[in-house]
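Student: structure for this input, please:
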Amino acid sequence: MGKKNGETILSGYKPVFKVKRKGNNVKLTEEHSQYLNEFVEKHPTCIVKDATESLYDTFHGLTINESTVYRHITEKQEFTLTRTQARFVNRNSDDTLEQRRQFIEHIDAMNDETFYKRRCISVDESGFKKNMVRPVAWSKKGEPAEVDVEAEGTDLSILDCCFATSSKIKPKKKHKTATGIKRGLPHETNSSQFTLFVEEIVSVLNKLGLKNMYIVMDNAAIHKTPKVLKAIRDSGHYALFLPPYSSMLNPIEECWAKIKSVVRKTPLAKNEMIADRIEEAAKAVTAKNCRGWIRYSQRQFPKYRNMERL
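Tutor: Numbers count the residues shown, from 1 in each chain. Model prediction:
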């Protein structure tokens, strides 16, 4: 087509350089906004595309792009993507809440404010992998945070106990191979190993002159075997089982968190044993730490006593 004075011959047409692209000027109404808020709260793992399509399905005739929905969710409604934390459905069931209440009621019946601090030994096991690293690391913007780790290595399960005393329980000697290199036990703790550990604990308690102590444990099957219960009972002590989904009542959970944070700090060298790293990390745990973790658990008592949901 020819042009005349900068115009096209056909009426109603404009040169390309004069055409203005129309953006997405659709504004979300208060009703749209409320719907989005409820949708994201109900489906926290959704992607923006899901939210946009749900808007289309609910509000027929609405035309809006994903970038607008994203801005609305993040800027106006102030949602943000964070690391997912799985929460078990039964964590706040009526039965679980009642078991927590009964547990605190049992402690209250001791009529001793220092009971949890002075007479309870917190016991649990935790797994360690040689290639475990911190879940976050520094990287330049736009670049992945990659950390080199060994592909293979021995996984270990460590047993430990925590209670407020200045006396230290000596760990068992590590096994050695024919070459003299230290090695750990298999990564899964079985009932026989746990029984031996409990026997060691009660032996140390008796040597320290501590009587009528309570061994606090979760409800794992290996913690409730007849041999374990007999070892505790025959030594003049008691087993005290935590209610389900109540890790905050177990001070040793915080102990494991501190030890693992040290173990993860830097990747293990090729010939470095994870057992050595764990042993060094455990030295950072102090009696003051233990007392603080016990106080933290005690601060949860009112919530459990009142059957509050977590």
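Student: which parts of stretch 251-266 are buried?
Tutor: Using 16 or more other CB atoms under 10 Å as the burial criterion, the residues of stretch 251-266 that qualify are 251-256, 258-260, 262-264. All C-beta atoms are positioned from the backbone trio N, CA, C, and that covers glycine.
Student: centre of the chain to the helix ranked longest in the chain, how far?
Tutor: Of all the segments of type helix in the chain, defined by DSSP state H, the longest one is helix 191-207. Chain-centre distance of helix 191-207: 28 Å, with CA atoms, centre = their mean, to the nearest Å.
Student: if you count contacts, what does it end up packed against?
Tutor: Applying 3 or more CB pairs under 8 Å, 6 or more residues apart in numbering; DSSP states H and E, we find helix 191-207 packed against strand 120-128, strand 156-162, strand 214-217, helix 226-234.
Student: list the buried residues of the first one.
Tutor: The one in question is strand 120-128. Going by neighbour count (16+ other CB under 10 Å), the buried part of strand 120-128 is 120-126, 128.
Student: a markdown table for these, including distance to residue 292 and pLDDT?
Tutor: Below are the buried residues of strand 120-128 laid out as a markdown table (distance: CB to CB, whole Å; pLDDT from 0 to 100):
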| residue | distance to residue 292 | pLDDT |
| --- | --- | --- |
| 120 | 15 | 93 |
| 121 | 17 | 92 |
| 122 | 13 | 92 |
| 123 | 18 | 92 |
| 124 | 17 | 89 |
| 125 | 22 | 87 |
| 126 | 19 | 85 |
| 128 | 23 | 83 |
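Student: closest to residue 218 among those?
Tutor: Nearest to residue 218 out of the buried residues of strand 120-128 is residue 124 (CB to CB; 6.7 Å).
Student: could you tell me the least trusted of the helices and strands packed on helix 191-207?
Tutor: Lowest mean pLDDT within those: strand 156-162, a mean of 77.
Student: other residues contacting it?
Tutor: With CB atoms under 8 Å, 6 or more residues apart in numbering as the test, strand 156-162 has contacts from 121-128, 169, 184-189, 193-194, 197, 201, 251-252, 255-256, 274-275, 278, 282, 290, 293-294.
Student: quick one, it and helix 191-207 angle?
Tutor: Counting by axes from the mean of the first three to the mean of the last three CA atoms, to 10 degrees, strand 156-162 lies at 30 degrees to helix 191-207.
Student: which residues in the stretch 151-300 of the chain form helices?
Tutor: Counting by DSSP state H, counting those that start in this stretch, one finds helices in the stretch 151-300 of the chain at the ranges 191-207, 226-234, 252-263, 274-282, 287-298.
Student: the ones you listed: lowest mean pLDDT?
Tutor: Going by mean pLDDT, the lowest-scoring of those is helix 274-282, which has a mean of 87.
Student: what's it packed up against?
Tutor: Judged by 3+ CB pairs under 8 Å, 6+ apart, the packing partners of helix 274-282 are strand 156-162, strand 182-183, helix 252-263.
Student: tabulate those (TSV), appending distance to residue 227.
Tutor: Output for those, formatted as TSV (distance: least, CB to CB, whole Å):
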stretch	distance to residue 227
strand 156-162	15
strand 182-183	26
helix 252-263	22
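Student: of all the ones you listed, which one comes closest to residue 207?
Tutor: Smallest distance to residue 207 across these (CB to CB): 14.4 Å, for strand 156-162.
Student: note down every partner strand of the closest one and its orientation.
Tutor: Partners of strand 156-162 in the sheet, by DSSP bridges, are strand 120-128 (antiparallel).
Student: contacts for the strand it pairs with, please.
Tutor: 155-163, 187, 189, 194, 197-198, 201, 205, 213-218, 223, 240, 250-253, 255-256, 259-260, 263, 274, 278, 294.
Student: the inter-axis angle of that strand versus helix 252-263?
Tutor: Going by the same axes, to 10 degrees, strand 120-128 makes 40 degrees with helix 252-263.
Student: from residue 79, how far off is the residue lying closest to residue 77 once chain neighbours are set aside?
Tutor: Nearest-residue entry for residue 77: residue 37, 5.5 Å, with adjacent residues in sequence omitted and distances by CB to CB, 6 or more residues apart in numbering. Applying CB to CB, to the nearest Å, the value for residue 37 to residue 79 is 8 Å.
Student: same thing with residue 29?
Tutor: To residue 79, residue 29 is 19 Å away according to CB to CB.
Student: how about the residue nearest to the spatial centre of the chain, secondary structure?
Tutor: Central residue of the chain (CA atoms, centre = their mean): residue 85, 6.9 Å from the mean position. Following DSSP: H, G, I helix; E, B strand; the rest coil, we place residue 85 in the coil state.
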